[in-house]
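Peer 1: pasting the structure only:
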């Protein structure tokens, strides 16, 4: 409490001090130096505090506007203070249109204008914050005003940079080209004017430039790059989303700043040599403009920019083009060819491969279709892969493989993948996460367009079944070969079966019914039924309950199933209920029961052993709710809650009593059995029926995220099904 209060007081103190500093700066700007209270020392302290605060936390919109109002006019502040304040204009959020207009309005000559050095500093500030504007159109609308200020020597360099960032095809006009060429002839070689002219030439190729200047990047500045890096850090610390809502939704071009794009192999979106009647993606600033001009949009020069630009992704999805697909695949094939050659030469994968695979995975997740060139690359890459690098990207892309004959999938992808990651300590989790994702994507394809497959060797259903069986074989191999399987591995295996079962049940719920109902192999079911983890037991029960409901839905669609499959599944249900509910564990005398595959010849010796240990115990009830090693403690706690509630009702008190606190009340010593409940009631304890006790245990388990047991019992046992109905 005190620590939190102290922290809050500290924050309030800093804010108050910043406001006081801004008030002192505003006062000093309106009063001549000789007439100020506190003199130069007070102003210097206020400026230093404001700059330090801005450099560490950034300025909120109202604070930013206050500082801009001071530095954007001629005042009584000295130039050093004004320049220091401009350098400290780190916005903690987006920059409003009012601030942009105020800054642009201070440019030029006049009695109320700030000094040229301050104007130049503000122009450079606009360059550095142009990507965090609240409305990018606020600066683009002032293009003509900014262009008209190029005759000012002090502003020419930053304005050329700013205009080069703002220029779109609509801004390139003959009179502006003529003016720039005239300035170039008058001033001689100017790298900044030449840089702006090169941008104009991209839109109007007929421009004839003179001897190109030696500076390849005339606008680059190490100081500006450092300033932008600090701005990024401040905005990330403030959890500020610098893009507008429409930009975040992907209906505005995503322009990377210099830090993000430096060294990237993925090109940025640029459209050069566009026609007058067309519209470029750079001109799209919202969903309305995108929809209105969808048929007129000109393809950009580098379509590989679609891997990083959501607007281009949307355009290519809504307006597919064979030429565009070929251009993207050509770019990818060249990149992948270079990577394969590097791997074959023993040089290892380049740093760019991770970037390309990551971007390609996001692109594939958006389109739900893996490019053929990527599929061909992965087929060769798996034989050279070390199994540890780019695991997420590689398995993620492989999960979007199309539905193919299983032998082709196994030979070309599954076997190489399993060999490559065999040395990875997380291999089981990786492979079953991949199996689950692949099954899910296949189901989506088969449900959405079941008639689109042209497979001769086998049907998509057969490929699906064989993939499921292959995963089951791998799961049994892992669980039986390792004496102590880690929890993440068993969890990944169960997640695979849950994903596959949910996908199949969804197909029946959507009336597609294109997939067979599959169940894990019996040995795996019984391994999890006798698992050492209550969570795994609960998940298995929930899985069986889901499969049972899917069977019921399918029967409602008049779909017939193999009698052998139905008998086998009913056997799993019977065994699970015999163990947990009916106190008939390991018995195969009931219809369809398999006795958990326990050898019958070993049953009598085991029963004799249990009887010798304790006459009150029987092997048939050994794994029930009261005696199960995983559930016994929770069953006892559940029954104690029932006893406490019954005792409170009878005694008229809600306070929990100790076992020795009431001599007239008998508490159950545990474990609970059907016979012990009868004895308890006779001895003056709680009157609880055997069924009521077990229902309370199921409820207790559900409250503790182990609801799978209750789900299976209520889906299988007839008396519970009637109550639930």
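Peer 2: In hand now; what should we look at? Bear in mind the structure is a predicted one, so any value in this text is a computation, not a measurement. Numbers count the residues shown, from 1 in each chain.
Peer 1: for the rest of this, base every contact and every neighbour count on C-alpha atoms.
Peer 2: Will do.
Peer 1: distance from stretch 343-354 to the middle of the chain?
Peer 2: Centroid separation for stretch 343-354 versus its chain: 27 Å, with C-alpha atoms, centre = their mean, to the nearest Å.
Peer 1: how about stretch 620-631?
Peer 2: In terms of C-alpha atoms, centre = their mean, the gap separating the centre of stretch 620-631 from the centre of its chain is 41 Å.
Peer 1: stretch 526-543 now?
Peer 2: Relative to the chain's own centre, stretch 526-543 is displaced by 29 Å; criterion: C-alpha atoms, centre = their mean.
Peer 1: what does that stretch contact?
Peer 2: Contacting residues not belonging to stretch 526-543 are listed as 490-491, 494, 497-498, 501, 525, 576, 596, 630-631, 706-709, 711-712 [C-alpha atoms under 8 Å, 6 or more residues apart in numbering].
Peer 1: list the buried residues in it.
Peer 2: 526-531, 534-543 (16 or more other C-alpha atoms under 10 Å).
Peer 1: looking at the contacts of stretch 526-543, which are in helices?
Peer 2: Within the contacts of stretch 526-543, residues falling in helices by DSSP state H are 490-491, 494, 497-498, 501, 525, 576, 708-709, 711-712.
Peer 1: top of these by number of neighbours, please.
Peer 2: residue 576 (30 neighbours; other C-alpha atoms under 10 Å).
Peer 1: now it: closest residue in space, sequence neighbours ignored.
Peer 2: Distance criterion C-alpha to C-alpha, 6 or more residues apart in numbering; nearest residue to residue 576, sequence neighbours excluded, is residue 529 at 7.4 Å.
Peer 1: with pLDDT and distance to residue 547 added, can I get the ones in helices among the contacts of stretch 526-543 in JSON lines?
Peer 2: Shown next, in JSON lines, are the ones in helices among the contacts of stretch 526-543 (pLDDT from 0 to 100; distance: C-alpha to C-alpha, whole Å):
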{"residue": "490", "pLDDT": "91", "distance to residue 547": "20"}
{"residue": "491", "pLDDT": "92", "distance to residue 547": "19"}
{"residue": "494", "pLDDT": "95", "distance to residue 547": "14"}
{"residue": "497", "pLDDT": "96", "distance to residue 547": "11"}
{"residue": "498", "pLDDT": "95", "distance to residue 547": "10"}
{"residue": "501", "pLDDT": "93", "distance to residue 547": "7"}
{"residue": "525", "pLDDT": "96", "distance to residue 547": "13"}
{"residue": "576", "pLDDT": "96", "distance to residue 547": "14"}
{"residue": "708", "pLDDT": "96", "distance to residue 547": "13"}
{"residue": "709", "pLDDT": "96", "distance to residue 547": "14"}
{"residue": "711", "pLDDT": "96", "distance to residue 547": "12"}
{"residue": "712", "pLDDT": "96", "distance to residue 547": "10"}
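Peer 1: possible to save the residues you listed as CSV with distance to residue 173?
Peer 2: Output for those, formatted as CSV (distance: C-alpha to C-alpha, whole Å):
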residue, distance to residue 173
490, 67
491, 64
494, 65
497, 63
498, 62
501, 62
525, 74
576, 80
708, 70
709, 74
711, 72
712, 74
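Peer 1: next, count neighbours for residue 153.
Peer 2: Neighbour count for residue 153, taken as other C-alpha under 10 Å: 10.
Peer 1: any idea how far it is from residue 705?
Peer 2: 71 Å (C-alpha to C-alpha, to the nearest Å).
Peer 1: buried ones in stretch 170-181?
Peer 2: 172, 176-177, 180-181.
Peer 1: same question for stretch 335-345.
Peer 2: 336, 339-340, 343.
Peer 1: one more: stretch 354-374?
Peer 2: Along stretch 354-374, these residues count as buried under the neighbour rule (16+ other C-alpha under 10 Å): 354-364, 368, 370-371, 373-374.
Peer 1: swap in stretch 130-146?
Peer 2: Quick answer for stretch 130-146 (16+ other C-alpha under 10 Å): 130-136, 138-140, 143, 146.
Peer 1: between those residues, which sits nearest residue 168?
Peer 2: Within the buried residues of stretch 130-146, proximity to residue 168 (C-alpha to C-alpha) peaks at residue 140, which comes in at 9.2 Å.
Peer 1: how about that closest one: what's its closest non-neighbour residue?
Peer 2: residue 166 (6.1 Å).
Peer 1: what residues are up against the one you found?
Peer 2: Here residue 166 is in contact with 139-140, 143 (criterion: C-alpha under 8 Å, 6+ apart).
Peer 1: tell me how far it lies from residue 179.
Peer 2: Distance from residue 166 to residue 179, by C-alpha to C-alpha: 18 Å.
Peer 1: and for residue 542?
Peer 2: 75 Å.
Peer 1: repeat that for residue 196.
Peer 2: Separation of residue 196 from residue 179 (C-alpha to C-alpha): 12 Å.
Peer 1: name the SS class of the residue lying closest to residue 190 once chain neighbours are set aside, please.
Peer 2: Closest residue to residue 190 in three dimensions, ignoring its sequence neighbours and counting by C-alpha to C-alpha, 6+ apart: residue 184, at 6.8 Å. Secondary structure for residue 184, judged by DSSP: H, G, I helix; E, B strand; the rest coil, is helix.
Peer 1: next: residue 584.
Peer 2: Residue 584 - assigned by three-state DSSP - is coil.
Peer 1: I'd like to know how many residues surround it.
Peer 2: 24.
Peer 1: residues contacting it?
Peer 2: Residue 584 makes contact with 578, 620-621, according to C-alpha under 8 Å, 6+ apart.
Peer 1: now the phi/psi pair for it, please.
Peer 2: Dihedral angles of residue 584 (phi, psi; degrees, to the nearest 10) stand at phi -130, psi 50.
Peer 1: tell me how far it lies from residue 24.
Peer 2: In terms of C-alpha to C-alpha, residue 584 sits 86 Å off from residue 24.
Peer 1: again with residue 115
Peer 2: Look at residue 115 and residue 24: by C-alpha to C-alpha, they are 21 Å apart.
Peer 1: equivalent analysis for residue 666, please.
Peer 2: Counting by C-alpha to C-alpha, the gap from residue 666 to residue 24 is 79 Å.
Peer 1: next one: phi and psi at residue 540?
Peer 2: Backbone torsions of residue 540, given as degrees, to the nearest 10, read phi -60, psi -40.
Peer 1: hang on, the earlier thing: secondary structure, distance to residue 508 and pLDDT added to the buried residues of stretch 130-146, as JSON lines?
Peer 2: Listed next are the buried residues of stretch 130-146 as JSON lines, based on DSSP: H, G, I helix; E, B strand; the rest coil; distance: C-alpha to C-alpha, whole Å; pLDDT from 0 to 100:
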{"residue": "130", "secondary structure": "helix", "distance to residue 508": "52", "pLDDT": "88"}
{"residue": "131", "secondary structure": "helix", "distance to residue 508": "49", "pLDDT": "84"}
{"residue": "132", "secondary structure": "helix", "distance to residue 508": "49", "pLDDT": "87"}
{"residue": "133", "secondary structure": "strand", "distance to residue 508": "50", "pLDDT": "88"}
{"residue": "134", "secondary structure": "coil", "distance to residue 508": "48", "pLDDT": "86"}
{"residue": "135", "secondary structure": "coil", "distance to residue 508": "48", "pLDDT": "83"}
{"residue": "136", "secondary structure": "coil", "distance to residue 508": "49", "pLDDT": "80"}
{"residue": "138", "secondary structure": "helix", "distance to residue 508": "53", "pLDDT": "88"}
{"residue": "139", "secondary structure": "helix", "distance to residue 508": "55", "pLDDT": "91"}
{"residue": "140", "secondary structure": "helix", "distance to residue 508": "54", "pLDDT": "88"}
{"residue": "143", "secondary structure": "helix", "distance to residue 508": "59", "pLDDT": "94"}
{"residue": "146", "secondary structure": "helix", "distance to residue 508": "63", "pLDDT": "96"}
